[in-house]
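Asker: Below is the sequence, then the predicted model.
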Amino acid sequence: MKKIGLMAVALLGAGITVYAQTSAKDSMKVVNLQEVQVVSTRATAKTPVAFTNVKREQISKQNFGQDIPFLLSTTPSVLTTSDAGAGVGYTTIRVRGTDATRINVTANGIPMNDSESHAIFWVNTPDFASSLEDMQIQRGAGTSTNGSGAFGASINMRTQSISSKPYAEVSGSYGSFNTHKETVKVGTGLINKYWAFDARLSNIQSDGYRDRASSDLKSYFVQGGYFGENTTVKFISFGGKEKTYHAWDGISKEQLENNRTYNPNGIILDDNIGKGNPIGFYDDQMDNYRQTHYQLLLNHIFSPTWNLNIAFHYTNGFGYYQEYKNGRSLEEYGLKPFYLPSNSEPQKKTNLVRQKLVDSDFGGGIFSLNYQNEKLNASFGGGLNRYSNDHYGKVIWVKNYTEQLDPEHEYYRNKGGKTDGNIYLKANYQLTGGLSAYADLQYRYIHYTIDGDNDKWDYTATPEHLQRLDIRENFSFFNPKAGLFWQINSNHSAYASFSVAQKEPTRNNYTDGMFDQYPKAEKLLDYELGYTYRNEWFTAGVNLYYMDYTDQLVLNGKTNDIGEAMAENVKDSYRMGIELALGAKFNDWLRWDINGTWSKNRIKDYVGYVYDESLVNGEIVDNLWTQTAIKGGNSPIAFSPSFIGNSLITLGSNGLEISLQSQYVSRQYLDNFGTKENSLDAYFVNHLSASYSFKTRHTKGITIGATVYNLFDTKYETNGYSQSVALYENGDKTKAYVIKHDPRFYPMAGTNILAHITFRF
């Protein structure tokens with residue numbers, strides 16, 4: 001409690017953003033053109049929602065190799081995780097306790113979330129932050145947006161503006177775990193008054209904190225366009241290629257104490273039934289994926305009051321992950337049993353290497369027609385997108401296999417297809433001098449199908465076979481939003497809003513659930529109330545929220561076979577809290593910003609289900625393929641801490657800047673039973689940064705610096721899971737059972753450092 005008291009903190013209300021220091025002029029003078037950026041889904045100063053803007057200067061002060069979630073970690077209600085433990089590779093973000101599949105992410109208004117999983121895989125577009133002009137995080141339901149609905153937050157990214165003058169920038173960083181990043185950026189400036197082009201190439205590599213948790217990431221960004229007086233056309237392409245060693249599985253509490261860097265992925269056992277002794281690790285336990293995005297953005301200004309934005313987009317993704325599997329049933333892979341010369345019994349299990357592949361296409365268009373005068377700001381817009389994805393798998397090696405193995409043989413294949421359309425009308429009208437009303441009406445339609453065989457084996461079927469998918473779902477959602485914003489005077493403002501949000505289940509909700517149960521769509525009623533005070537040297541804001549859910553899909557602490565978190569519908573649940581923020585500029589060289597969230601996140605009358613297993617002479621011998629219901633009462637929602645606090649102290653003068661970033665996070669439960677054994681301990685972690693910027697005769701500027709992460713070498717974990725089971729003696733379900741928890745954790749790195757240097761020309 002003492003730590004929480006010391007962190008007494010706070011959130012930004014609508015339009016309140018607390019910066020480390022006053023924004024300096026960008027080194028590249030950006031021409032004042034009506035650039036083609038589809039931002040009608042963004043909140044503005046008078047929009048009655050909670051949001052934070054993060055500008056390019058803030059991004060560049062942290063962007064030395066870690067993924068975007070870690071660049072947003074100081075904003076209110078945000079938590080980040082890293083499989084490899086150092087912020088490079090597979091990372092994710094949570095806001096107000098909601099996971100990334102419920103956070104809507106767009107780039108120039110175009111959806112970035114995967115249409116099936118709803119996840120955002122930052123690893124597929126490494127160093128995208130180097131090509132961003134700014135980001136806006138909306139907490140809660142937010143404004144109407146394109147793509148999957150926002151059920152806890154939205155992240156709206158805008159790519160970099162065109163520079164009026166030619167430029168070049170070269171940057172590099174190197175540090176612990178052999179982590180390094182190299183980035184080259186160039187721009188032509190305006191050519192013949194109307195044309196301009198920019199490009200970026202990036203390379204990021206890291207061995208990772210955990211054993212073998214390596215990352216090899218490449219990315220690019222190019223843009224070019226025509227910028228007339230009233231019409232602009234801009235083409236953008238960006239993408240990446242990633243190769244990462246699996247760090248998808250967590251480790252036990254004992255391993256946390258004795259071998260924190262242990263990575264169980266890729267382990268090779270010395271037998272064929274999956275119960276032998278470890279003899280090594282598979283070198284090619286790799287995830288390989290490439291993703292390419294194309295955007296065509298058009299903007300036309302009809303008059304001072306009317307303008308039109310249109311964008312067309314296409315994304316292609318292809319890749320696979322390869323993994324060594326011990327003691328696998330050949331029948332599950334469509335392979336025949338085989339005989340060994342030394343054994344007359346048929347071999348039905350053995351070790352093998354499999355590949356699971358995906359080949360996806362996503363395309364469509366979005367638009368917004370915008371009107372603005374002295375009192376009214378209105379937008380009519382929408383989008384229509386089509387997604388298709390082939391999922392299939394191959395077996396490329398089988399231990400001691402004597403039958404013929406066709407490496408092109410597919411042991412499963414299914415296809416997902418999704419059509420997603422939405423249309424919205426939103427307006428902000430100034431009722432009086434300081435009071436304005438906001439209304440936002442959206443209709444969204446989704447048609448989703450999955451056809452074919454999945455890679456999961458259905459043990460409940462007779463006879464047993466691969467999980468068969470024949471899913472055809474249609475969803476129609478009407479999502480109204482309304483609110484008031486009151487600019488009381490130049491220092492004080494307040495707002496209130498009510499929003500409805502609805503969201504369809506993800507692919508994993510269908511494939512990872514019980515074979516005879518389909519997930520339900522979710523519904524959210526979001527109530528927000530905020531107040532802000534600001535003057536030249538001090539800013540304070542408070543936001544109260546109550547998020548009332550029906551059939552919320554909450555994480556249940558379990559994971560599927562590739563480490564993805566699983567979720568379940570709960571009938572009645574809520575998230576409520578207070579977000580606070582304070583920012584004080586004491587003088588020209590010292591500033592202190594703090595923010596924090598106190599929250600209560602509960603499932604009403606929770607009943608969870610765990611699988612049953614048979615216990616014979618103290619050993620688990622069989623999975624009964626039944627489940628036991630466990631009543632949890634009004635239980636805390638998994639991965640939803642009751643307190644998150646951030647502090648940022650910044651000292652800067654004459655090109656030198658030093659900052660200390662601190663974060664405290666209270667206990668997080670891994671499942672929805674509120675059991676301390678299945679939880680992440682509270683942690684308090686600090687990062688110290690220092691940089692120095694100066695100019696030379698031959699450069700526009702040079703910046704050198706370093707960041708020491710986890711300054712005090714805190715041992716902490718930000719993510720985990722737990723596979724709990726009900727144990728019945730001799731499989732007798734008429735007798736009492738014992739619940740066995742098996743929590744697993746993802747450890748974060750101890751003290752580590754990244755040094756960096758940037759040359760601007």
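Answerer: The structure has been received and is ready for your questions. Numbering: from 1, shown residues only.
Asker: where does the helix or strand harbouring Ser388 sit relative to the chain's centre, distance-wise?
Answerer: If you go by DSSP states H and E, Ser388 is part of strand 376-398. Centroid displacement of strand 376-398 relative to its chain, using C-alpha atoms, centre = their mean, to the nearest Å, is 16 Å.
Asker: by contact count, what packs against the helix or strand that it is followed by?
Answerer: The helix or strand immediately downstream of strand 376-398 is strand 410-430, counting by DSSP H and E. Applying 3 or more C-beta pairs under 8 Å, 6 or more residues apart in numbering; DSSP states H and E, one finds that strand 410-430 contacts strand 376-398, strand 435-458, strand 465-487. (Each C-beta comes from the backbone N, C-alpha and C, glycine too.)
Asker: rerun that using 7 Å as the cut-off
Answerer: strand 376-398, strand 435-458 (3 or more C-beta pairs under 7 Å, 6 or more residues apart in numbering; DSSP states H and E).
Asker: Kindly indicate whether Glu332 is helix, strand or coil.
Answerer: helix (DSSP: H, G, I helix; E, B strand; the rest coil).
Asker: Give the pairing partners of the biggest strand by length in the chain; include direction for each.
Answerer: Longest strand in the chain, counting residues (DSSP state E): strand 590-616. Here strand 590-616 is paired, per DSSP bridges, with strand 565-585 (antiparallel), strand 619-636 (antiparallel), strand 643-653 (antiparallel), strand 725-729 (parallel).
Asker: how about the strand holding Ser388: buried residues?
Answerer: Neighbour-count burial for strand 376-398 flags 377-379, 381-385, 387-389, 391-395, 398 (criterion: 16 or more other C-beta atoms under 10 Å).
Asker: before we move on, the earlier item: with distance to Gln160 added, can I get the helices and strands packed on strand 410-430 in JSON lines?
Answerer: Listed next are the helices and strands packed on strand 410-430 as JSON lines, based on distance: least, C-beta to C-beta, whole Å:
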{"stretch": "strand 376-398", "distance to Gln160": "23"}
{"stretch": "strand 435-458", "distance to Gln160": "28"}
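Asker: Where does pLDDT dip in the stretch 151-300 of the chain?
Answerer: For the stretch 151-300 of the chain, applying pLDDT under 70 flags no range at all.
Asker: ranges for the strands of it?
Answerer: Here the stretch 151-300 of the chain has its strands, by DSSP state E, counting those that start in this stretch, at 153-159, 167-175, 179-187, 195-206, 215-227, 231-245, 267-269, 278-281, 286-301.
Asker: Compare the strands paired with strand 590-616 and give me the one nearest His180.
Answerer: strand 643-653 (25.9 Å; C-beta to C-beta).
Asker: Buried residues of that closest one, list them for me.
Answerer: 643-648, 650, 652.
Asker: Could you provide those in a markdown table, with additional columns for distance to Ile620 and pLDDT?
Answerer: As requested, the buried residues of strand 643-653 are exported to a markdown table (distance: C-beta to C-beta, whole Å; pLDDT from 0 to 100):
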| residue | distance to Ile620 | pLDDT |
| --- | --- | --- |
| Phe643 | 37 | 98 |
| Ile644 | 37 | 98 |
| Gly645 | 41 | 98 |
| Asn646 | 43 | 98 |
| Ser647 | 46 | 98 |
| Leu648 | 48 | 98 |
| Thr650 | 54 | 97 |
| Gly652 | 59 | 95 |
